[in-house]
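[1] kindly return the folded structure for what I paste below:
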Amino acid sequence: MANLVNSLSKAASSLARFRGPGRRNICGRALSLGFLAVAVPAAADPTQRSAPSLEHVLQSNDLTVLADVKHGVRDRIAFFSSPALFETIARSRVRHIAIEMPRVLGRQAMGIETEADVEAFAEDVLRTDHWHFVDPDHPDESSSATQHRVAFALGRQVLLAKRYGINPIFYDFNNPLGGFTTYKDPVYRCLANLDDMAWLRIGLDGKVTKAQRDAAIMRERLSHDDELAAYIEREVRAKGGGKLVVIPGYAHATMPGGISDRIAERLHAEATVVAIFKDRAEDRTFHAFLWEQSRMLSIDLSRPPHYYYTIGNDSLRRVEAPGRYVALDASRERDTPAICYQLAHSN
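    This next block holds a predicted model:
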């Protein structure tokens, strides 16, 4: 969210152009804002008995990254906004929690003091009709129910952070394109520099696919993770430093040069990444999901997390087969629209 590749997927699918704010798809099927794990073996793994608890990981590390493996899933929404998690974080002497929430919503949420305020915040978010949340496990569910669930959870995270004396940091951009003034992804740069007349004159609506646009948006957002990390660093240092927990989308957490790497460099602390699953079924199918996402977005997801945590049975285990991730680097398999080749040649 913020913590919205925010993410962002992190993927702003409703955009028809690369200009204008558009509606924000905060929780989508893409990794993001996204936006971890190997399949569970058929036989029980004896190493699981000696694996530490999630609380032990939080206590033992100055920088812990709880990666949301797929935005919008209700079990994870409930977990990330639960008193049990915040109590564990507080007991581990964590001083800051960075939430993938647009900063404008974060500023509004800081007025929350009671459960009634959380409900009022959620209703206000729905009333503005500016933010768009999706539950990938229930795509046909009533939109208002999904919107309320996510908005309420965001507000509840703020309330719990205040109750437990944790400094909340809202670090995500305020619109699907982040308000970028410089472009790093070559396909995004190509399409973003085409004005409306060019789209009409060349007839790009039929030549540039929605998948190409969405993938370019995601890659561009991911490429700006250092800006998000810089913001988090400033907020942490302004409040006296100390231990930090970050809750980003999975791609942000594990990609080389992603938010985990950037924050670790800035705070001079090693990042420990924990992939958060709702149950064993999601765990078992996630490697295939990563393969699909890496190809769809042309990104590098070949680096595994350090741990896998499953909400359903409150279990944590270490990564035992990192070699399986080697095939998840699709960063060189970019789908570039023909118009971008033509423009590059003409220039």
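
[2] and residue 66, which of the three is it?
    At residue 66 the chain is in strand, as set by DSSP: H, G, I helix; E, B strand; the rest coil.

[3] kindly report the same for the one 10 residues further on.
    Secondary structure of residue 76, reduced to three states by three-state DSSP: helix.

[4] before we move on, what about residue 127?
    Residue 127 ends up helix, using three-state DSSP.

[5] tell me what whichever strand or helix holds residue 147 is packed against?
    Element membership of residue 147, judged by DSSP states H and E, is helix 143-163. If you count contacts as 3 or more C-beta pairs under 8 Å, 6 or more residues apart in numbering; DSSP states H and E, helix 143-163 packs onto strand 24-27, helix 74-80, helix 83-91, strand 94-102, helix 103-109, helix 115-128, strand 131-133, strand 167-172. Any C-beta I mention is one placed from the backbone N, CA and C, and that applies to glycine too.

[6] export these to CSV and tack on distance to residue 149, mean pLDDT and mean neighbour count?
    Formatted as CSV, the helices and strands packed on helix 143-163 follow (distance: least, C-beta to C-beta, whole Å; pLDDT from 0 to 100; neighbours: other C-beta atoms under 10 Å):
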stretch, distance to residue 149, mean pLDDT, mean neighbour count
strand 24-27, 10, 41, 30
helix 74-80, 6, 95, 20
helix 83-91, 17, 98, 17
strand 94-102, 15, 95, 26
helix 103-109, 15, 89, 20
helix 115-128, 9, 93, 15
strand 131-133, 8, 78, 22
strand 167-172, 18, 94, 25
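
[7] looking at the ones you listed, which is nearest to residue 293?
    Residue 293 sits nearest to strand 24-27 of all those, at 15.0 Å, using C-beta to C-beta.

[8] so which bits of whatever helix or strand comes next after that closest one are buried?
    Heading C-terminal from strand 24-27, the first helix or strand you meet, by DSSP H and E, is helix 54-60. Judged by neighbour count using 16 or more other C-beta atoms under 10 Å, the buried positions of helix 54-60 are 54, 57, 58, 59.

[9] what about stretch 194-207, average pLDDT?
    For stretch 194-207, mean pLDDT rounds to 72.

[10] for that stretch, how far is the first residue from the last?
    End-to-end distance for stretch 194-207, by C-alpha to C-alpha, to the nearest Å: 13 Å.
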